[in-house]
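Chemist: Fold the following for me, if possible:
(one chain, ligands or ions: 1)
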Amino acid sequence: AGRHFNSLTAEWEMKWDPIQKSPGVFDFSGGDRIVEFAESRGMRVKGHALVWHGATPKWVEALSAPELRIAFEDHIRTVAGHYRRRVYAWDVVNEAIDDSQPGLRSTVFSRGLGPDYVAEAFRLARKADPDAQLVYNDYGGEGLNRKSNDVYALVKDLKQRGLVDGVGLQMHISAASFPAVADIQANIQRLADLGLQVNISEMDVRVKDVAGDATAKLARQRQVYRDVVAACVAVPRCEAVTLWGFTDAHSWIDSTFGADDPLLFDEQYRTKPAFFGVEDAFLRR
Ligand code: XIL
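Modeler: Coordinates of the predicted model:
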């Protein structure tokens, strides 16, 4: 990781649950270790994520609405304040758009704070860390579809209010079926045209369902990595590609989608064909 990457993101350690497992008790040790590693290697760090329903401790779910508002403000202020000047960007709100119906997902935050909680989170993050690029991050809206239209509408509104600076497209995809690359590029372009920075924020490419033997799967994976990263490289404001891990020895995919080999290095940390697909994209080959 230290040799091949120039940017680092915490997969878990900077989320609400690990940082504030009990009310008012903040533990930055996991996140700090990651920041120290990055700094020792001259890598930049993107914070992930201030507000995400998927990593909210139980005690937050039990709060009354007024208590929730206080905890929400306190968490964002304390965490963004702690990492000020040490992260260049924050995923401020993660996965707020619903999968199956238009608009916001129903979460502890939308129910307790109302739909304006997204804007409120960005306002609080801006105050706590005025230098960080503030990002909205989501999945399933990489190409052109209802969800990406909803993300577009959300960030357009936030941008007009000066609250958001960037959008992260997670890009957890399968090489057997994923959005058309032309649609991914068009989506990146329309977000960039709003004046937003865009990044691919959590890329991994599953191959289990690709036809053929292991060699064929890995060749297909190489092509998909190349084509998708090239869609980012083609748009100047698409400024970064983050992978959700780098070795197949450690990937969240195995426990969530079943055993797979979604990353650039194999379980022995050897480069896979996918590694060279990403290289081709960056070298515009
Ligand atoms: C996942 C991590 O990879 C896991 O290690 C953790 O147990 C749960 O969270 N979308 C996101 C990421 O935005 O934060 C999630 O990361 C994967 C899905």
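Chemist: all contacts plus neighbour counts: C-alpha atoms, from now on.
Modeler: Fine.
Chemist: Which residues of the stretch 1-150 of the chain lie near the ligand?
Modeler: Counting by Cα under 6 Å from any ligand atom, the stretch 1-150 of the chain comes close to the ligand at 11-12.
Chemist: ok, 8 Å please
Modeler: Contact residues, the stretch 1-150 of the chain versus the ligand (Cα under 8 Å from any ligand atom): 11-12, 15, 48-49, 52, 54-55, 94-95, 137-139.
Chemist: What subset of these is buried?
Modeler: Neighbour counting with 16 or more other Cα atoms under 10 Å marks 11, 15, 48-49, 52, 94-95, 137-139 as buried within those.
Chemist: Among those, name the ones in strands.
Modeler: Using DSSP state E, 48-49, 94, 137-138 are the members of these that sit in strands.
Chemist: JSON lines please, covering those and showing pLDDT.
Modeler: Formatted as JSON lines, these follow (pLDDT from 0 to 100):
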{"residue": "H48", "pLDDT": "98"}
{"residue": "A49", "pLDDT": "98"}
{"residue": "N94", "pLDDT": "99"}
{"residue": "N137", "pLDDT": "99"}
{"residue": "D138", "pLDDT": "99"}
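Chemist: what residues are up against the residue of the stretch 151-285 of the chain found nearest the ligand?
Modeler: Proximity of the stretch 151-285 of the chain to the ligand (Cα to the nearest ligand atom) peaks at W252, 4.6 Å away. W252 sits next to W244 when contact means Cα atoms under 8 Å, 6 or more residues apart in numbering.
Chemist: With A119 as the reference, measure out to it.
Modeler: Per Cα to Cα, to the nearest Å, W252 is found 29 Å from A119.
Chemist: Repeat that for S201.
Modeler: Taking Cα to Cα, one finds S201 at 21 Å from A119.
Chemist: Compare the two (neighbour count), which wins?
Modeler: The neighbour comparison of S201 against A119 (other Cα atoms under 10 Å) goes to S201, with 24 against 20.
Chemist: Using CSV, write down the CA coordinates of the helix or strand harbouring the more buried one.
Modeler: Per DSSP states H and E: S201 is located in strand 197-206. In CSV, the C-alpha atoms belonging to strand 197-206 read as follows (Å, rounded to 0.1, in the frame of the first residue of the first chain):
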residue,chain,number,x,y,z
GLN,A,197,-15.0,17.4,-7.8
VAL,A,198,-15.8,13.8,-8.6
ASN,A,199,-14.0,10.7,-7.3
ILE,A,200,-14.4,7.0,-7.6
SER,A,201,-14.5,6.2,-3.9
GLU,A,202,-14.6,2.5,-3.1
MET,A,203,-13.9,0.6,-6.3
ASP,A,204,-13.8,-3.2,-6.4
VAL,A,205,-14.7,-5.5,-9.3
ARG,A,206,-16.2,-8.9,-8.5
